[in-house]
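Visitor: model this:
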Amino acid sequence: MRIGLIGVGRIGILHAEHLRRLDAVTEVVVADADGDRAREVADKLGLTWAASVPELFASKPDGVVIAAATPAHEALVRRAAEARVATFCEKPLAADIQATREILRVVGDAGIPLQMGFQRRFDPGFRAAREALRRGELGRLHMIWACTLDPAPPHPSYIPHSGGLFADCSVHDIDAIRWVTGREVVEVHATGSNRGAEFFAEAGDVDTGTALLTLDDGTLAAIAASRYNGSGYDVRLELHGSQRTIVAGLDTRSPLRSAEPEHDGWPPGQPYANFAERFRDAYVAELEAFVDLAAGRIESPCRGDDALAALRVAVACEQSRREGRAIRVEDIDV
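Guide: Model (predicted):
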């Protein structure tokens, strides 16, 4: 199977490295807005390269992985739909809800398979937590706590186009909460702060944020995000039930330290430095799933409407933060 890869930034190179190791993938064709950069990466990894995105689509790949910069996603998904090519796209599909609805209409009319890049659905810990909840091992679920804590901020140029902290970081927690519980978020109340670099405030964003989500069955979920977690990359999901509590993302490499004297030095492992380390196996698994999707063997494990649902909640969080009030998700339509 021939897979096209568009975008050779950090996540694109990561996907390229994983794709070339999949047994079902016979060729990876790399393209980027910077053709010289695409050729450089392809030569380094032993892959095929295309001089341009149109050239990549003209080569008729069996599937395409879109890992380009966020502002390019919408146009690239549209191009894939026109070419009738199975598509994997990193979040988001588009810059806002209205544009996301429109591109989903285009994808639907074209009838192409679409998988979104929410890799936590493929993480062993998140999957185990979901299964434990579904089996009833936790009893009645009454509270969820989730976090996405980056060790350091991205480049200042990234922030104005990121969509904001909730849409950029917390959207993964939101999708995980929806997927693990099978419930929808109906109301949010969010806040945020800036105690770091000025470029966050200058872009109208925050470097740290929290939100309280109310699910449609009354379960409460608290989410937290930060660009300044100096201990390392920390992503966890805690499910608190009436009979049991289970945590995804708590292991010997968690960037935590116990304050209890008798547990000094725990966890003992080297903390995760970034998302590539923390979710390596999940990234491989989601690409394996995409290859199966492109081959027609499975249905999409993360559909476009899942991305839209998570984006609506993230937008509600951002509106709540700005306005200082609770927001009903059903009111977020534009």
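Visitor: only C-alpha atoms from now on, for both contacts and neighbour counts.
Guide: Fine.
Visitor: with adjacent residues omitted, what lies nearest to the spatially most central residue of the chain?
Guide: Here the mean C-alpha position of the chain is nearest to the C-alpha of Phe118 (C-alpha atoms, centre = their mean), at a distance of 4.0 Å. On the basis of C-alpha to C-alpha, 6 or more residues apart in numbering, the spatially nearest residue to Phe118 that is not a chain neighbour turns out to be His172, at 6.5 Å.
Visitor: contact partners for the residue nearest to the centre of the chain?
Guide: When contacts are counted by C-alpha atoms under 8 Å, 6 or more residues apart in numbering, Phe118 is found next to 90-91, 172, 175, 302.
Visitor: farthest pair in those residues?
Guide: Using C-alpha to C-alpha, the pair of the contacts of Phe118 lying farthest apart is Glu90 and Asp175, separated by 13.3 Å.
Visitor: I figured Asp168 hits Ser162, correct?
Guide: Yes: with contacts defined as C-alpha atoms under 8 Å, Asp168 counts as touching Ser162 at a distance of 5.9 Å.
Visitor: burial of Ala69, as a residue count?
Guide: Neighbourhood size, Ala69 [other C-alpha atoms under 10 Å]: 19.
Visitor: let's have the chain start at 7 instead
Guide: With the count now opening at 7, the last piece we talked about shows up as Ala75.
Visitor: surely it and Val14 touch.
Guide: No: the pair Ala75 and Val14 does not pass the contact test of C-alpha under 8 Å, sitting 9.3 Å apart.
Visitor: for the residue nearest to the centre of the chain, grab phi and psi.
Guide: In this entry, Phe124 is assigned phi and psi values of phi -110, psi 90 (degrees, to the nearest 10).
Visitor: again, but for Ser199
Guide: Geometry field for Ser199 lists phi and psi as phi -150, psi 160, criterion degrees, to the nearest 10.
Visitor: give me the contact list for stretch 203-217.
Guide: Identification of contacts with stretch 203-217 by C-alpha under 8 Å, 6+ apart yields 162, 165-166, 170-172, 194-202, 228-234, 323.
Visitor: buried subset of those, written for PyMOL?
Guide: This is the PyMOL syntax for the buried subset of these, where burial follows 16 or more other C-alpha atoms under 10 Å:
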select buried, resi 165+170+171+172+194+195+196+197+198+228+229+230+231+232+233+234+323
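Visitor: list the contacts for Ile304?
Guide: Contacts for Ile304 were tallied using C-alpha under 8 Å, 6+ apart; they are 295, 298.
Visitor: just to be sure, it is in a strand?
Guide: No: assigned with DSSP: H, G, I helix; E, B strand; the rest coil, Ile304 falls outside any strand and is coil.
Visitor: could you measure from the residue nearest to Gln325 when sequence neighbours are not counted over to Leu219?
Guide: For Gln325, the nearest residue in space outside its immediate sequence neighbours is Ile333; the separation is 7.4 Å by C-alpha to C-alpha, 6+ apart. Distance, Ile333 to Leu219, by C-alpha to C-alpha, to the nearest Å: 10 Å.
Visitor: overlap of the contact sets of these two?
Guide: When C-alpha under 8 Å, 6+ apart defines a contact, the residues bordering Ile333 and Leu219 alike are 193-195.
Visitor: take those and lay them out in JSON lines including secondary structure and pLDDT.
Guide: Compiled in JSON lines, these are given as follows (DSSP: H, G, I helix; E, B strand; the rest coil; pLDDT from 0 to 100):
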{"residue": "Glu193", "secondary structure": "strand", "pLDDT": "98"}
{"residue": "Val194", "secondary structure": "strand", "pLDDT": "98"}
{"residue": "His195", "secondary structure": "strand", "pLDDT": "98"}
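Visitor: so which of the residues you listed is the closest to Leu20?
Guide: Within these, distances to Leu20 taken as C-alpha to C-alpha reach their minimum at Val194, with 33.6 Å.
Visitor: so that closest one makes contact with Cys323?
Guide: Yes: at 6.0 Å, Val194 and Cys323 qualify as touching, with contact defined as C-alpha under 8 Å.
Visitor: which residues do these two both contact?
Guide: 217, 333.
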